[in-house]
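*Asks:* Quick one, what's the 3D model for this:
(one chain, ligands or ions: 2)
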Amino acid sequence: MDLVNHLEGRLLFAVPKKGRLQQATLDLLAGCDVQFRRETRLDIALVKNLPIALIFLPAADIPTFVGEGRVDLGITGRDQVAEHDATLPAGEVSGVEEILDLGFGGCKLQVQVPEKGDITEAKQLVGRNVVTSFTALTEQFFAQLEGVEAGKKNLSTKIKYVGGSVEAACALGVADGIVDLVESGETMKAAGLKAIDTVVTSTAVLVKSRTSNNDTVNLLTSRIRGVITAQKFVLCQYNIPRSELATASKITPGKRAPTITALEEENWVAVSSMVEKKRIATVMDELIKVGATDILVLNIANSRTD
Ligand SMILES: Nc1ncnc2c1ncn2[C@@H]1O[C@H](COP(=O)(O)OP(=O)(O)OP(=O)(O)O)[C@@H](O)[C@H]1O
Ligand SMILES: O=P(O)(O)OC[C@H]1O[C@H](OP(=O)(O)OP(=O)(O)O)[C@H](O)[C@@H]1O
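*Replies:* Numbering: from 1, shown residues only. Ligands and ions are numbered 1, 2, ... in the order given. Presented below is the predicted three-dimensional model:
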């Protein structure tokens with residue numbers, strides 16, 4: 001089938017075609033019941049149950065397509081959006097609007113130098129060679145350090161682009177420092193480098209084109225927000241003497257307020273409340289201390305909350 005001619009009337013949604021953000025994005029789409037089959041080697045897939053076409057693109061190119069309004073929605077790293085925005089002429093408003101932090105793909109774009117060298121601060125790299133895949137952000141960063149206007153080609157720091165394996169540049173003598181992504185720090189450590197400054201902190205984000213606004217954008221945003229919330233929270237249920245309810249409610253205030261149900265046993269109530277997954281162990285410890293019993297923690301399959 002000639003998919004390009006079947007895009008009319010469909011919302012175009014760009015997703016990473018490979019790399020670190022792809023699997024989590026596909027899982028998110030499955031959680032939103034976005035059903036599609038991607039034919040081998042095709043970068044377009046029509047969604048069966050919604051008027052949407054998925055466009056598989058490199059994460060780095062997604063802000064350009066969204067920013068120019070060619071694509072309505074996209075999932076990419078905040079670092080990629082920042083890099084795109086840094087290429088715009090001064091004063092131009094970006095066509096890319098961030099609508100949701102998706103919580104996965106966390107990393108930092110950091111200035112790195114050889115661990116054993118004498119450089120300890122980013123300003124010591126001014127006037128020297130820096131290699132990166134993020135040239136616009138790196139130029140902006142060093143322009144600020146040098147006190148010159150970014151984008152005017154008057155930087156004394158020499159910034160060179162490489163597409164991957166940036167960490168090899170120092171060892172090969174091409175760079176005095178690099179600006180590259182760090183998550184666990186394993187790559188940096190293995191290359192004998194250390195981080196001395198942070199340019200941008202990133203997670204995956206849902207972005208939309210400033211010119212797109214239709215019901216399908218809103219529907220999909222609401223579904224994605226629901227799945228992300230469900231992944232972040234658990235439902236905590238417990239019984240507590242009514243006399244301790246006020247204290248317990250402070251421990252589990254919920255998103256709006258805890259749900260309280262009367263129990264058949266006098267002076268006891270049942271409480272049900274959403275709690276952030278990462279806090280649940282501490283919350284249970286605190287509930288025990290104030291007299292809660294029968295504490296149950298349930299996973300949330302999906303949600304729609306404010
Ligand atoms: N180590 C990492 N941990 C978490 N997120 C990362 C990591 N590296 C990259 N990312 C995020 O994933 C995005 C895409 O990076 P990734 O390297 O997977 O892209 P790619 O499309 O495979 O490109 P390339 O082939 O040039 O590496 C980055 O912009 C960043 O937001
Ligand atoms: O701190 P870490 O957990 O080690 O992750 C950082 C590495 O991950 C990314 O590269 P990737 O593996 O995607 O390959 P690339 O070098 O080809 O971009 C990034 O560019 C770093 O090299």
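
*Asks:* Next up, the contacts around Ser209.
*Replies:* Listed by Cβ atoms under 8 Å, 6 or more residues apart in numbering, the contact set of Ser209 reads 66-73, 95-97. The way it works is simple: take the backbone N, C-alpha and C, and place the C-beta from them, glycine included.

*Asks:* again, only using 7 Å
*Replies:* For Ser209, the contacting residues are 66, 69, 71-72, 95, by Cβ atoms under 7 Å, 6 or more residues apart in numbering.

*Asks:* How about the residues of the protein by ligand 2?
*Replies:* Residues of the chain lying near ligand 2 by Cβ under 6 Å from any ligand atom: 19-20, 164-165, 167, 180-188.

*Asks:* can those go into CSV with extra columns for secondary structure, neighbour count and distance to Arg304?
*Replies:* Formatted as CSV, these follow (DSSP: H, G, I helix; E, B strand; the rest coil; neighbours: other Cβ atoms under 10 Å; distance: Cβ to Cβ, whole Å):
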residue, secondary structure, neighbour count, distance to Arg304
Gly19, coil, 13, 30
Arg20, coil, 15, 29
Gly164, coil, 8, 40
Ser165, coil, 12, 43
Glu167, coil, 21, 43
Asp180, strand, 28, 39
Leu181, strand, 22, 33
Val182, strand, 18, 35
Glu183, coil, 13, 31
Ser184, coil, 8, 34
Gly185, coil, 14, 38
Glu186, helix, 9, 38
Thr187, helix, 16, 39
Met188, helix, 20, 40
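
*Asks:* Let's have those in JSON lines, adding pLDDT and distance to Pro89.
*Replies:* Below are those laid out as JSON lines (pLDDT from 0 to 100; distance: Cβ to Cβ, whole Å):
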{"residue": "Gly19", "pLDDT": "95", "distance to Pro89": "29"}
{"residue": "Arg20", "pLDDT": "96", "distance to Pro89": "30"}
{"residue": "Gly164", "pLDDT": "91", "distance to Pro89": "28"}
{"residue": "Ser165", "pLDDT": "93", "distance to Pro89": "31"}
{"residue": "Glu167", "pLDDT": "96", "distance to Pro89": "32"}
{"residue": "Asp180", "pLDDT": "98", "distance to Pro89": "26"}
{"residue": "Leu181", "pLDDT": "98", "distance to Pro89": "26"}
{"residue": "Val182", "pLDDT": "98", "distance to Pro89": "30"}
{"residue": "Glu183", "pLDDT": "98", "distance to Pro89": "32"}
{"residue": "Ser184", "pLDDT": "98", "distance to Pro89": "37"}
{"residue": "Gly185", "pLDDT": "97", "distance to Pro89": "36"}
{"residue": "Glu186", "pLDDT": "97", "distance to Pro89": "38"}
{"residue": "Thr187", "pLDDT": "96", "distance to Pro89": "34"}
{"residue": "Met188", "pLDDT": "97", "distance to Pro89": "33"}
